[in-house]
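> next come a sequence and a model predicted from it.
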Amino acid sequence: MHHRDFLSIGQLAKRTGLAVSAIRYYETEGLVFSERNAGGQRRFRRADIRRLSFVQIAQQFDFSLKEIAEQLSRLPEGRTPTKADWGKISRHFRADLDARIKTLEGLRDKLDGCIGCGCLSLKKCELYNPLDNARHNGTGARYLVGDMPEGID
């Protein structure tokens, strides 16, 4: 590879909008990899612009760095990922996002009704959760997380 194929950490920071310290941290987490030049300075591949942009986007969707690193480990090291490479990752993330959307829609649709918290303060709670029976399923708003009141299908 030619030296034009590499960026300094400062150049990478400028291109991605990330702080240099964040790039160093992401490097320790295995999200990007640098090489050292003769002077010992980090040099990153241009493909790392895309990798770090992906990290930023995935974090906005609330994926953990561990989940992001797992997905990035599927990309080829040393070459720019292809559209097909990104497509494989996006299919995994899409399935996860679809599940989250379904959960959020369910929460939204149930928010104004009985939330199954066991408070017994609403008339519906007396019907759906008499004697705080939902407590046997665990803590929190049991019906919002998917538990069904007994006798309701």
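Everything's here; your move. Residues are numbered from 1 along each chain as shown.

> buried residues, the host helix or strand of Gly10. List them.
If you go by DSSP states H and E, Gly10 is part of helix 9-16. Buried residues in helix 9-16, counted by 16 or more other CB atoms under 10 Å: 9, 12-13, 16. Heads up, the C-betas are built off the backbone N, CA and C, glycines and all.

> give me the most central residue, this protein.
Phe63 (1.0 Å; CA atoms, centre = their mean).

> which of the buried residues of helix 9-16 lies closest to Ala84?
Proximity of these to Ala84 (CB to CB) peaks at Thr16, which lies at 23.3 Å.

> hang on, the earlier thing: now the buried residues of helix 9-16 in a markdown table, with distance to His92 and pLDDT?
Below are these laid out as a markdown table (distance: CB to CB, whole Å; pLDDT from 0 to 100):
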| residue | distance to His92 | pLDDT |
| --- | --- | --- |
| Ile9 | 29 | 95 |
| Leu12 | 26 | 95 |
| Ala13 | 28 | 96 |
| Thr16 | 23 | 94 |
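
> who's in contact with the residue nearest to the centre of the chain?
93, 96 (CB atoms under 8 Å, 6 or more residues apart in numbering).

> how confident was the prediction at it?
If you check Phe63, the pLDDT there is 92.
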